[in-house]
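Peer 1: let me see the structure of the following:
(2 chains)
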There are 2 protein chains.
Amino acid sequence: MALIVQKYGGTSVGKPDRIKSVARRVAGYVARGHKMVIVVSAMSGETNRLLGLAKEISPTPDPRELDVIASTGEQVTIGLLAMALKDLGLKARSYTGGQVRILTDDAHTKARILSIDEQNIKRDLDEGHVVVVAGFQGVDEKGNITTLGRGGSDTTGVALAAALGADECQIYTDVDGVYTTDPRIVPEARRLDRITFEEMLEMASLGSKVLQIRSVEFAGKYKVKLRVLSSFEDEGHEGPGTLITVEEDVNMEQPIISGIAFNRDEAKLTVLGVPDRPGIAYQILGPIADANIDVDMIIQNVGHDGSTDFSFTVNRGEYTKAMGILESVRQHIGAREITGDNKICKVSAVGVGMRSHPGVASKMFRTLAEEGINIQMISTSEIKVSVVLDEKYLELAVRVLHRAFELDQPAQ
Amino acid sequence: MALIVQKYGGTSVGKPDRIKSVARRVAGYVARGHKMVIVVSAMSGETNRLLGLAKEISPTPDPRELDVIASTGEQVTIGLLAMALKDLGLKARSYTGGQVRILTDDAHTKARILSIDEQNIKRDLDEGHVVVVAGFQGVDEKGNITTLGRGGSDTTGVALAAALGADECQIYTDVDGVYTTDPRIVPEARRLDRITFEEMLEMASLGSKVLQIRSVEFAGKYKVKLRVLSSFEDEGHEGPGTLITVEEDVNMEQPIISGIAFNRDEAKLTVLGVPDRPGIAYQILGPIADANIDVDMIIQNVGHDGSTDFSFTVNRGEYTKAMGILESVRQHIGAREITGDNKICKVSAVGVGMRSHPGVASKMFRTLAEEGINIQMISTSEIKVSVVLDEKYLELAVRVLHRAFELDQPAQ
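Peer 2: Got it, this is the predicted structure:
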């Protein structure tokens, strides 16, 4: 008998029939003797409908009131799921974030969880209830409703699992696990049985959007056993999904590379002939950050003749805005020229195995060179190598790298 | 400077544009120096949508979870209205029933308000905020979300006005006041400037559905000055509506009759040859009440030869069910026969003035007789006379009575 936290996303509870299917799955776990806590998102489309209403009222909706409105999406789902569970003869009780008391800071629309009062939930579990909790929401110290921001339901699930000391936190979604790469590009892509938190963080931030990145950080920090599974497989016949582990499995032959991640929506900007002096990176990126533009890769080469070149990538949708800001920065700092390209992509090889296996980067570069693919930028970390390429090479690059690192071969 | 509670129903907040219009009206009151508390319903159609979702999950939805779901309708509206107010430069803050703390009993879907903690609202008002409160909802002692049942937002408004000692509680709806009768039947019907609580109760229960009846009882009990107004008139150009007063205005020439109310959806049932002995009324109506059928008029004539006739009216939709029950009751109590008619209507003359003006009933009967309208049943109270008629006479009876009591003439 285990204590399991399950989280179901918007498509998994998108229609009353899907909610009933979730209830049957939960009933199966209860029948096998497990204590169950279920975290749910809003029904798919509902959050967008609510935000749309707010936008009709105001182009710049007040954040406190936006949270009051947005939090109703999950509240409807908890009521419906608890109802469906009771209809199956189970004892069940729903909780909003405020009713649990999931205490957050007061940063409306992007609040962070400070603490969870687990007493009511523990009492309900001991009395044989299935506990259904609204994801994505909490309350601040004054009792104002807060939300954790998009995808925050994953974080709620992981935080509850940590607070309750759950044996496992299962994230149900519309894919049956984490893959070596996107199967739509490489049909031979394989589901990974396990992946480390660090790898998962690199995969997620690089565009394999299975789990919200904050929830993975959280799970790593509190050592919560996390598993990604599909809610679209029949109840009782689910695959094992992908287990996200705290530690590398020392008993297993570690693959060097776990997956090939990629991101299509990138643009790069370069400031040429930057005076090579302290503080210059801040003078360039400060105004970009002030404009709320997220910067991804940042590269600065060794300078020569007292000047250097400075490059970074941003989301493609912010390319024009970023170019405008750079132009005024250029005059201010006395740089020579601004160049840019919004037809690029980023491809990364990710794997904790590369820590003990040198040569991953050179193998990656050689593989791309053999296909005549020019590399525009390179960035590396301990467990990943990323390259920026012309976007027309994206699919080709992902396919040849997937094969070169033998990701299409069964593990071990 | 006054403290005013305003309540807006579903059609008054049915679309974002209508919510913005409410915000402009409130801003006008604030500009004139008033402290404002606004109670809102769910956007029209929303409660039905939510209940529909619940019905898709379960034919007999769990009441606790139904309240969790249904209460989200008002929660969306408070957020949208507070947003709209802030967009106009006002300070505003929204409250769910639980956040105010509107404490109710735990009778889910039809809870009753036990107490209201007015401290937070008073503090906000003193700080210059407009306070926006979700109608129709509260929490029980354990923090479970409850709802007051359909139309409960009126009750929330009146209860808040009582708790805060407000100068006036204004109920905004889609009509501009209480009329002497339905203008669709009698074009000369006039808006009443004022009406007493007792008259309002008789008018409301008789089918003039402007205000929820529980809220009127509540207002009478706590002496809250209640006013019915239209939200569909331009801001700043509203009419005075109808004031519902605790006391009859002794300074004014009291009209004998305030209005002609009617109800079309009635059916009558008669038990003939009932043994005239103690307890017989209970033996007949007990099983009807047990089947959750609401009984309206009840008439029992003086008996003769040890037996009597017993009649009552029910909602037309429950006619067949009630007939079935009466048939088994008849055998049990040894009555002779059951008769019934579901093509009847009820027409009532209502007015506190009849207390001091005898002859209202006889004038009513004569007026109907002159038109050849047969009266099937009669029931009277201190301030109303009701008659049951063949439904085909409804419009004619209302018109001739409206004229006979000179309700088409301006009040003096």
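Peer 1: contacts, neighbours, all on C-alpha from now
Peer 2: Noted.
Peer 1: burial count for A:Val210?
Peer 2: For A:Val210, the tally of surrounding residues (other CA atoms under 10 Å in any protein chain shown) stands at 20.
Peer 1: look up how far A:Asn342 lies from it.
Peer 2: 25 Å (CA to CA, to the nearest Å).
Peer 1: looking at the sheet around the residue lying closest to A:Lys346 once chain neighbours are set aside, what are its partners?
Peer 2: Nearest non-adjacent residue to A:Lys346, counting by CA to CA, 6 or more residues apart in numbering or on different chains: A:Val388, 4.5 Å away. Per DSSP bridges, the residues bridged to A:Val388 are A:Lys346, A:Met377.
Peer 1: what parts of the stretch 51-200 of chain A come near chain B?
Peer 2: A:53-54, A:56-58, A:61-62, A:65-66, A:68-70, A:72, A:75-77, A:79-80, A:82-84, A:86-87, A:94, A:99, A:143 (CA under 8 Å from any CA of the partner chain).
Peer 1: out of those residues, which sit inside strands?
Peer 2: A:Ser94 (DSSP state E).
Peer 1: for the residue nearest to A:Lys346, what are its contacts?
Peer 2: A:344-347, A:375-378 (CA atoms under 8 Å, 6 or more residues apart in numbering or on different chains).
Peer 1: tell me where chain A has helices.
Peer 2: Ranges of helices in chain A, per DSSP state H, are A:16-31, A:46-57, A:63-70, A:72-87, A:97-100, A:119-126, A:152-164, A:197-205, A:213-222, A:280-290, A:319-333, A:360-370, A:394-404.
Peer 1: tell me the most buried of the ones you listed?
Peer 2: helix A:72-87 (a mean of 28; mean count of other CA atoms under 10 Å in any protein chain shown).
Peer 1: same for that one, what does it pack against?
Peer 2: Under the contact definition 3 or more CA pairs under 8 Å, 6 or more residues apart in numbering or on different chains; DSSP states H and E, helix A:72-87 sits against helix A:16-31, strand A:35-40, helix A:46-57, strand A:92-95, strand A:130-134, helix B:46-57, helix B:63-70, helix B:72-87.
Peer 1: quick one, which of the ones you listed is nearest to A:Lys225?
Peer 2: Checking these against A:Lys225 by CA to CA gives strand A:35-40 as the closest, at 14.9 Å.
Peer 1: so the closest one versus strand A:130-134, what angle?
Peer 2: 20 degrees (axes from the mean of the first three to the mean of the last three CA atoms, to 10 degrees).
Peer 1: tilt between strand A:35-40 and helix A:16-31?
Peer 2: Going by the same axes, to 10 degrees, strand A:35-40 makes 160 degrees with helix A:16-31.
Peer 1: quick one: contacts of strand A:35-40?
Peer 2: A:1-10, A:13, A:26, A:29-30, A:74, A:77-78, A:125, A:128, A:130-135, A:153, A:156-157.
Peer 1: tally of neighbours for the closest residue in space to A:Ala111 that isn't next to it in sequence?
Peer 2: Of all residues not flanking A:Ala111 in the chain, A:Leu148 sits nearest, at 4.6 Å (CA to CA, 6+ apart). Neighbourhood size, A:Leu148 [other CA under 10 Å]: 25.
Peer 1: which residues touch A:Leu148?
Peer 2: A:Leu148 makes contacts with A:108-113, A:136-138, as judged by CA under 8 Å, 6+ apart.
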